[in-house]
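> Provided below are the primary sequence and the corresponding predicted coordinates.
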Amino acid sequence: MGASERRLVLGFRVASLVAFLLLWEWAARARISFNFPGPWPTVLALLDLVRGGGLLSATATSALSLALGFGTALIVGIPLGLVMGVVRPVGRVARVYCDLLIALPTAALIPLVILTFGINVVSSAAIVFVFSAPFIIMNAYGGVRDVRPRLVEMARSFNVSPLRLFTLIVVPSALPMILSGVRYGLSRAFVGLIIAELLLSPFGLGRLIMVSRSMFEHDRMFAAVLWTVLLAVGALALVSRLETRLMRWRT
Amino acid sequence: MDIAARGVSRRFGSVQALAEVTLAIRSGEFVTLIGPSGCGKTTLLKIIGGLVAADTGEILIGGRRVAGPGRERSMVFQDFALLPWATVKRNVEFGLLLAGVGREEREAAALRYIAKVGLAGFEDAYPGQLSGGMQQRVGLARALAVNPAILLMDEPFASIDEQTRRLFQDDLLALWSDERKTVVFVTHSMEEAIYLSDRVIVLSPRPGRVHEVLDVALPRPRDAADVRASVEFTRLVDGLWKILRKLQ
């Protein structure tokens, strides 16, 4: 990307943000609904929430469920997907379950999760896991299936061992798809987190949103939503960064 | 190291790719396999390389029967088969890494062969940043770095433009006479076959068989002798064409 192109992208980013804020402000003034807070009151409420400490502790709780659920999805999902790709029969069986989990309205599983784990951090972590793991698994699986047969042949011509074929050819070949699975899985993890907390947990950011709503503190509710969005965008940007760094060879 | 094929046959499904191929290649010889598509030339090369097993018959390398890939042989592929995520240096080191050679020795060998194929200064480039010709030079350096006695080249210049190819052919011949390797070279270019080889082995298709063997008694080094401009070169290429035309 050239310097002029980068400036153009930055320009578009700023312009779209300004347009969004203007639209928001207009919507607030137009009184589409009663007590619809504009951008400015929302930011003030956000600052207030940070100062009061409620936001940070809610964030910490949510981050714990997210880290637990998403971390497990990574630790289980990437190796599982790789094994599915390398050992074809395992892949053929396991992919059916993954496809099912992807096609299923996952929120329908929440009552089942509550029944199993009760209402605590583990249950929302479990929901985060169910939301994100199938995508992480399927991408790692697809990454292995994308390995160029010619590279395998080349490695075989140098008498490669099965283990080294895996570490030196299969894993690096699958890495781009694994990473995009991680990115997509993370955004799904946020969706799962918020759904879980809205529906079941008496804690975390979801609770903050629900409590503010029930108290008619709509600016606080919007602030909590905005904060959640910012967290998600920040986390995704971090993963994107990791992606570009690990795939410098693509430029 | 010399190569002998004895009664090598191979079938893929209902297609008989090779039938009873017997041939002998002397140590240090430059031999080309040529023939219409479907004649099994690449299959034969892969059987010699130990990547494909023969159904019947055997390959002897230096008198010993081949049962798989081995360090005395390395391959160069038509599509280069480079690791896109690894630098030129790491790519060239690949065979040495698999052979268990230590880091320092690996690096020294890689640098030496990168220089030898004319890529000094590109050690840290990625394959995607190089032209096709340069990528194949990396492929050649990788094959040479393990110091094999035999070089098996599968249409290595097929996806390289004509001008680059001619320069590369001369460089390959210089490397070959320098390092005294046995080279088995698959191509479908008649000029290339005649220009490079000591002998050209013509295979006939369906099933693949040795159809004819041509001796190329052109003087070496061929770039200095201006062989391409010689009457003898033209005559040999024309003779090869007459053989191949009948096989189409």
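Cool, got the structure. Residues are numbered from 1 along each chain as shown, chains lettered A, B, ... in the order given.

> Spit out the contact partners of the most centrally placed residue in chain B.
Taking CA atoms, centre = their mean, the centroid of chain B lies closest to residue B:153, which sits 1.9 Å from it. Taking CB atoms under 8 Å, 6 or more residues apart in numbering or on different chains as the contact definition, residue B:153 lies against B:75, B:76, B:183, B:184, B:185, B:186. Bear in mind the C-beta positions are built from the backbone N, C-alpha and C, glycine included.

> Three-state assignment for the fourth one, please.
Here residue B:184 takes the strand state, with states given by DSSP: H, G, I helix; E, B strand; the rest coil.

> And it, how far from residue B:200?
Going from residue B:184 to residue B:200 by CB to CB, to the nearest Å gives 12 Å.

> The residue nearest to the centre of chain B belongs to a strand?
Yes. Looking at residue B:153 with three-state DSSP, it is inside a strand.

> List the beta-bridge partners for it.
residue B:76, residue B:185 (DSSP bridges).

> Please read off the pLDDT at it from the model.
We have a pLDDT of 97 for residue B:153.

> thinking again about what came up before, so which of the contacts of residue B:153 is the most crowded?
residue B:75 (29 neighbours; other CB atoms under 10 Å in any protein chain shown).

> Out of the contacts of residue B:153, flag the one nearest to chain A.
Each of the contacts of residue B:153 was scored against chain A by CB to the nearest CB, and residue B:75 proved nearest at 4.5 Å.

> can you give me the strands in chain B?
Along chain B, the stretches classed as strands by DSSP state E are B:3-12, B:15-25, B:30-34, B:56-61, B:64-65, B:73-76, B:150-154, B:182-186, B:199-204, B:209-215.

> hmm, back to that, shared neighbours, residue B:184 and residue B:200?
By CB under 8 Å, 6+ apart, the residues touching both residue B:184 and residue B:200 are B:31, B:32.

> So which residues on chain B come close to chain A?
Contact residues, chain B versus chain A (CB under 8 Å from any CB of the partner chain): B:49-51, B:68-71, B:73-75, B:77, B:79, B:81, B:83-86, B:94-95, B:97-99, B:126, B:128, B:146.

> And the longest helix anywhere in chain A, what's buried?
Counting residues, the longest helix found in chain A (DSSP state H) is helix A:54-86. By neighbour count on 16 or more other CB atoms under 10 Å in any protein chain shown, the buried set for helix A:54-86 is A:54-55, A:58-59, A:61-62, A:65-66, A:68-70, A:72-74, A:77-78, A:80-86.

> Looking at the strands of chain B, which one is packed in the most?
Highest mean neighbour count among the strands of chain B (mean count of other CB atoms under 10 Å in any protein chain shown): strand B:73-76, with a mean of 26.

> circling back to that earlier point, how far away is the residue nearest to the centre of chain B from residue A:32?
72 Å.

> Kindly report the same for residue A:66.
32 Å.

> for residue B:126, same thing?
Applying CB to CB to residue B:126 and residue A:32 gives a distance of 53 Å.

> So between these two, which is more surrounded?
Taking other CB under 10 Å, residue B:126 and residue A:32 do not tie; residue B:126 has more neighbours (20 against 9).

> The more buried one and residue A:247 touch, don't they?
No. The criterion here is CB atoms under 8 Å, and residue B:126 misses it with residue A:247 at 10.5 Å.

> Tell me the residues that contact both of the two, please.
Joint contacts of residue B:126 and residue A:247 (CB under 8 Å, 6+ apart) are residue B:85.

> In terms of pLDDT, where does the closest residue to residue B:35 other than its chain neighbours sit?
If the residues on either side of it in the chain are set aside, residue B:35 comes closest to residue B:203, at 3.6 Å by CB to CB, 6 or more residues apart in numbering or on different chains. Per-residue pLDDT puts residue B:203 at 95.

> which residues touch residue B:124?
B:87, B:88, B:89.

> In TSV: those, plus pLDDT, distance to residue B:219 and neighbour count.
TSV is the format used below for these (pLDDT from 0 to 100; distance: CB to CB, whole Å; neighbours: other CB atoms under 10 Å in any protein chain shown):
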residue	pLDDT	distance to residue B:219	neighbour count
B:87	96	40	19
B:88	97	35	26
B:89	97	37	19
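
> Residue most distant from the centroid, chain B?
Distance-from-mean max, chain B, by CA atoms, centre = their mean: residue B:104 at 28.6 Å.

> and the gap between it and chain A?
20 Å (CB to the nearest CB, to the nearest Å).

> Got phi/psi on the residue in the stretch 1-150 of chain A positioned nearest to chain B?
Of all residues in the stretch 1-150 of chain A, the one sitting closest to chain B is residue A:150 (4.9 Å; CB to the nearest CB). Torsion angles at residue A:150 (phi, psi; degrees, to the nearest 10) stand at phi -60, psi -40.

> burial measure for it, as a count.
14.

> same question, the one 4 residues further on
Around residue A:154 there are 27 other residues, counting by other CB under 10 Å.

> next one: residue A:237
Residues near residue A:237, counting by other CB under 10 Å, number 10.

> again with residue A:236
Around residue A:236 there are 15 other residues, counting by other CB under 10 Å.

> Run a quick check on it versus residue A:185, I expect a contact.
No. Contact criterion CB under 8 Å: residue A:236 and residue A:185 do not qualify, at 10.7 Å.
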